[in-house]
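Trainee: Turn this into a model:
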Amino acid sequence: MSIHGHEILNFLVEKEPTAEELKVHVAATYGSEVKFHTCSTEEMSLEELIVFLEKRGKFVLMDGRLVADPEKICSHND
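Mentor: Residues are numbered from 1 along each chain as shown. Here you go, the predicted model:
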């Protein structure tokens, strides 16, 4: 199963989780074997996706929480 990174970004916008809360959410929602893709990359683990998104400025770490900026999320449908 491959989930688009937008799903994770939307969760960050809604919940502003800690990294651990994000891991728990992903495992509970998608299972432990899930892979992620974006507009330009495929077959990423959650850790790889987080690095990918952080490098592109899609979210920041504030007070231990992952906070995404909705303005920086592209709005196309996958």
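Trainee: If I follow the layout properly, Gly57 ends up in contact with Lys72?
Mentor: Yes: Gly57 is in contact with Lys72 according to CB atoms under 8 Å; the separation is 6.1 Å. In this view, the C-beta of every residue, glycine as well, is placed from N, C-alpha and C.
Trainee: neighbour count winner among the two?
Mentor: Set Gly57 next to Lys72 and count neighbours by other CB atoms under 10 Å: Lys72 wins out with 13 against 9.
Trainee: Against Ser2, how distant is that one?
Mentor: According to CB to CB, to the nearest Å, Lys72 and Ser2 sit 22 Å apart.
Trainee: Could you find the closest non-adjacent residue to Tyr30?
Mentor: Ile3 (5.8 Å; CB to CB, 6 or more residues apart in numbering).
Trainee: tell me the SS of that neighbour?
Mentor: For Ile3, the assignment made with DSSP: H, G, I helix; E, B strand; the rest coil gives strand.
Trainee: same thing with Glu21?
Mentor: Secondary structure, three-state DSSP: Glu21 is helix.
Trainee: what number of residues lie near it?
Mentor: Neighbours around Glu21, by other CB under 10 Å: 14.
Trainee: and it, what is it in contact with?
Mentor: Counting by CB atoms under 8 Å, 6 or more residues apart in numbering, Glu21 makes contact with Lys15.
Trainee: again, but for Met1
Mentor: Tyr30, Gly31, Glu33, Val34, Lys35.
Trainee: quick one: the strands in the protein?
Mentor: 2-4, 35-37, 59-62, 65-68 (DSSP state E).
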